[in-house]
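Undergrad: have a look; sequence and predicted model below, questions after that.
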Amino acid sequence: MAHSPEQPDLYVCTECQVAHAGTVAEYIESGGHSYEPPEACGACGASSFVESSGWPHVGK
């Protein structure tokens with residue numbers, strides 16, 4: 001059986017709009033992981049992130 005890789009949650013920096021893969025927060029027994037945003041943006045150093053699915057709606 002082929003393995004399907006898990007897709008991590010994506011987070012967007014609200015300051016510079018760079019996308020980051022989430023950091024594994026915990027393993028879920030039913031399979032998979034839960035994710036959280038990184039502590040700081042690797043591009044600008046900001047610490048404010050929003051999930052990519054909500055990005056177009058920030059500030060509206």
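TA: Nice, thanks for sending it over. Residues are numbered from 1 along each chain as shown.
Undergrad: how about low-confidence regions in this structure?
TA: By pLDDT under 70, the weakly predicted segments of the chain are 1-3, 58-60.
Undergrad: can you do 80?
TA: Along the chain, the model assigns pLDDT under 80 to residues 1-6, 30-31, 56-60.
Undergrad: those strands in it, which residues are they?
TA: For the chain, the strands defined by DSSP state E occupy 10-13, 19-21, 23-27, 33-36, 49-51.
Undergrad: strand partners (parallel or antiparallel) of the first one?
TA: So that's strand 10-13. strand 19-21 (antiparallel), strand 49-51 (antiparallel) (DSSP bridges).
Undergrad: hang on, the earlier thing: for residue 4, find the nearest of the strands of the chain.
TA: Closest approach to residue 4 among these is made by strand 33-36 (14.2 Å; CB to CB). For every residue, glycine as well, the C-beta is placed using N, CA and C.
Undergrad: what helices or strands is the closest one leaning on?
TA: Counting contacts by 3 or more CB pairs under 8 Å, 6 or more residues apart in numbering; DSSP states H and E, strand 33-36 packs against strand 23-27.
Undergrad: what residues does the strand it packs on touch?
TA: Applying CB atoms under 8 Å, 6 or more residues apart in numbering, the contact partners of strand 23-27 are 8, 33-38.
Undergrad: rerun at 7 Å
TA: 33-36, 38 (CB atoms under 7 Å, 6 or more residues apart in numbering).
Undergrad: so how far is it from its chain's centroid?
TA: 11 Å (CA atoms, centre = their mean, to the nearest Å).
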